[in-house]
Structure formats: C-alpha cells, structure tokens
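Participant: Make a model of this:
(chains A and B)
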Amino acid sequence: MTKNDLENKVLDKIKKGNVKPIPKWEFILKRVFVWLLFILSVLFGAFAVSVIVFLLKVNDWEFYEHISGSLPIFILKTFPYFWLLLIVILGFAAYFNFRNTGRGYKYRFSFVMFLSVFLSVLFGVLLFRFGVARSVEGFFLNSMPFYMHMNVDREMMWLQPENGLLAGEILDRVSPDELLLLDFSGENWTIVNIAGARVREDMILEGEMIRIFGEMISNDVFKARQIAPWEANRKFLKEKFKPLRSN
Amino acid sequence: MISVAAVDFKCLYFMQNCEEKSDKELVKMSLANADYFLCLMKRYELRLMVYIKRLLGVGDEDAEDILQEVFIKTYRNLNDFDSELKFSSWIYRITHNHAISSYRKFKKRMNTLSLEDSAEVLNKMSSDLDIEKDVEHELLKGKMTELLMKLDNKYREVLLLKFLEDKDYSEISDILKKPSGTVATLINRAKVKFKEILIQNNISST
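Facilitator: As a prediction, this is how the structure comes out:
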C-alpha cells in the first residue's frame, strides 16, 4: 500500500462508514463525571474522618485504666479501624479518579493521596462540628448489620457488673444518692453512692444514658465510683435492645 | 482512472492548503471538513508507522493495519484533543495505547530493532551507561534487540520514546500519562537495568 493509499483508504472509511467525531459534549460529560467521582471520594472520606473524630470523642477515655490497664493498649483496642480502612480505600478511589481527569496523570501518587486525605480531614472536621458524624454513624448502626455486630462489643463490655462496668438508661432518680437504671440486657439496677461518685449533676436525669465504673454489691445493686455520660448513638441502642427488655 | 486522478488531485489540493497550518489549526479544520484530516495523516503517517514497527516488531502490513485503526480512532476523538497539549504527544498516546492492545491481541513480542536503530540507541545511551572504551560496539549493536528484550516493557517503552523517538520528558509524560518525575525515574532505572544486563552478558565489567 502506498502512503497515499493508506490516507485515502482511511478517509474513504470515514466517509463511507459515516464515521463522525464523537460530540464534544460527550467528552465534557465524561470529564464532569470523573471529577464528580473524585469529589464524592473526598466527600465520603470526609464523612469517615468526621465519624472517627466523633468516636474518639465519645470513647471511654475516663475509664481506660479499668478497661485495659494502659492507655496504649486501650487505644489499640478501641481505635475505629473500620473507618480508617474506609478512608484508605476512599483515598485510593480518589487517586484513581483524579488520575483520569484531563491532566491528573501529571501528579504523583503521593501528592494526590496527600491532597485527598488533607481535604477529607479538613471537611471531616467541619462535618463533625456541624454534628453530621453522629447521624452518619447512626445510619451505619441502623442499616448495616455487619457494622452493628462490630459495635456490639462495646455495649457488651459495659455489661460486666461483676468487673465493675455497667451502663444503661436512668429510669428514675430515687434520691440524691440513689437511682434506678435499666442496663443493656434489660435488667433493672439500683445504683447507690451517687453523691460519692465523680459525676456532673446535669447527666443524672431520667432518660439519660450513662456509664458507671464501680462495684457490684448484689445481683441488682451497684455502687458507683465514677459516672460518665454515654455519648454514642443512644437512640439506636435503645431500639436495638428492645427485644431483650421484653424477655 | 479518472476517480484515482480526482482523489490524487483532492489530496494535492488539501496538502497545498494545509502545509503552513499548525496541528491545532488542522484539528479545527478537520472537525469542520473531514478532508483536512488528510493533512494530519500525511504529517504523521511515517513517524507513526516507524513507531508502531519499533514498538511491536511487526512488518509493514500489520503496521499499516494498526495505523489505519489509529487514524480512525484519532478522527473520532478529535473533540477530545486538549489544545494545551502537543498534538504529536496526543496522537502518539493514541498510537501507543492502540499498539499495546494490538500487541496483546496478536501476542507478539515487542521491539525487534533494526541494526540502525540499535546503533542509534547505543550511541545515545553510551555516555550514560559509561561503557568501557574497548567494548565492541558492533557486537553490542547486534545483540541490542536480544538485550533490550530482557528489560521489562515499562523500561523498554521509555527508552524507545527517549532515544529513538527523541521525545523529551514532558512529551513522554503526556504520551504514557505518567508524571514527569516517574518518567525520569523509569529512564534512570532502565539505564541501570540495561547496564546490569550488559555486565551479566560480559559486555561490560563496570
């Protein structure tokens, strides 16, 4: 085939095959879609960051000594690894999406990962400030059985009155030194020594969820040494343990 | 006869009207009138044919088939051409990607170099490789294909673009869609690997 033959053959195929350039709007749409995917990756990463901040805030820091003995071990045991893994996965997703933008390939992997994680952290902290994290984590608790099962451990940990750990809903403030509590398994407890325990008065109100470190006196009496609010997703906890109460 | 002459005349007409036009202008003109695409094809046909043959080690016939497909693909995607980019980088990218997918289809081994190409690569790389003066270049030229085949594809393709296609780092970055820093690293590693291969094959001792 001579050079002219090849060129003419191609032009012939273009004309006879009615080959047309793909319309510009299709490419624009594709580019917009890719950018959208990148933005969504960063945004979902931000949601994950906000939940990590939330979970770290409501963690059992006041009781780490009683739970794990040492702070490093406590951190290792309670760190929200699920959300950290999600951030890593979304970071990679953001990288691949960014790379497919018009000039995204010009940037190194380390730069793009740093950029996407930085943006996720920045927006994540903002989302946490606006109270979005609790809703996101609550959504996962309510809608994703695997996530709920992962978080049962924490509630179970606070169902160890024999080990000095008890949590639940305040049913009634009987006296300044005594209250009635419904634990996560649906059992009633009388909590004594409220006045002697380290506690903020505004958290000892009917309907509030609390965590108590102390000493089991009998099968239904618990002496409090330290009380802290239960700041995790209370609404979903109550609903989750409804079947237990009816037993 | 008349139709062939008419086609040749049309080619001649469009060639004369587009010789001084830049690639970017020709892209715009081709989008308005497909006949101007002839100019772009004429401008890049030879270079791309040689590139395809160097990349895949195929003969003229297979290279022409691939090049036809490349030109059709280029025409269909003209609206995707980013004018911030060099057109040559963009069409090389299309050629590279299409050639690679054709390579997988044909399952051909890449890069059978001619002796001339081997000499060119050797000359351009020799100062970087610091080969001893008494190394027999003729021997090395003859073994170049065999030695280059020992390199991974990612090293071979950057050496090809750098030393045979004379592309700079920015162009290679645009063709392969890799960061410039990565391209520089790949080229340096390619040279190191190639030097190791020379040592392993007793062609160089340093």
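
Participant: For the longest helix belonging to chain A, buried residues please.
Facilitator: With secondary structure taken from DSSP state H, chain A has its longest helix at helix A:24-57. For helix A:24-57, burial by neighbour count (16 or more other C-beta atoms under 10 Å in any protein chain shown) applies to A:27, A:34-35, A:37-38, A:41-55. In short, each C-beta sits where N, CA and C put it, glycine included.

Participant: cool, stretch A:100-116 as well?
Facilitator: Under 16+ other C-beta under 10 Å, the buried positions of stretch A:100-116 are A:100, A:104-107, A:112-113, A:115-116.

Participant: Among those residues, pick out the one closest to B:Asn202, please.
Facilitator: B:Asn202 has its nearest neighbour among those in A:Tyr105, at 39.7 Å by C-beta to C-beta.

Participant: Distance of the closest one relative to chain B?
Facilitator: According to C-beta to the nearest C-beta, to the nearest Å, A:Tyr105 and chain B sit 4 Å apart.

Participant: Is chain A within reach of stretch B:58-71?
Facilitator: Yes: using C-beta under 8 Å from any C-beta of the partner chain, we find that stretch B:58-71 touches chain A at B:64, B:67-68, B:71.

Participant: and which of the residues you listed is nearest to chain A?
Facilitator: The nearest member of the residues of stretch B:58-71 next to chain A to chain A, counting by C-beta to the nearest C-beta, is B:Phe71 at 4.6 Å.

Participant: Contact partners for A:Lys106?
Facilitator: B:173, B:179-180 (C-beta atoms under 8 Å, 6 or more residues apart in numbering or on different chains).

Participant: So which of these are in strands?
Facilitator: Nothing among those maps onto strands, per DSSP state E.

Participant: could I get those residues as a markdown table with distance to A:Ala224?
Facilitator: As requested, the contacts of A:Lys106 are arranged in a markdown table below (distance: C-beta to C-beta, whole Å):
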| residue | distance to A:Ala224 |
| --- | --- |
| B:Ser173 | 66 |
| B:Pro179 | 60 |
| B:Ser180 | 65 |
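
Participant: Which of these sits closest to A:Ile89?
Facilitator: Out of the contacts of A:Lys106, the member with the shortest distance to A:Ile89 (by C-beta to C-beta) is B:Pro179, at 22.7 Å.

Participant: burial measure for the closest one, as a count.
Facilitator: Counted with other C-beta atoms under 10 Å in any protein chain shown, the neighbours of B:Pro179 add up to 20.

Participant: how close does it get to chain A?
Facilitator: 5 Å.

Participant: list the contacts for that residue?
Facilitator: A:105-108, B:173.

Participant: just curious, which of those is nearest to A:Met144?
Facilitator: Using C-beta to C-beta, A:Tyr107 is the member of these that sits closest to A:Met144, with 33.9 Å.
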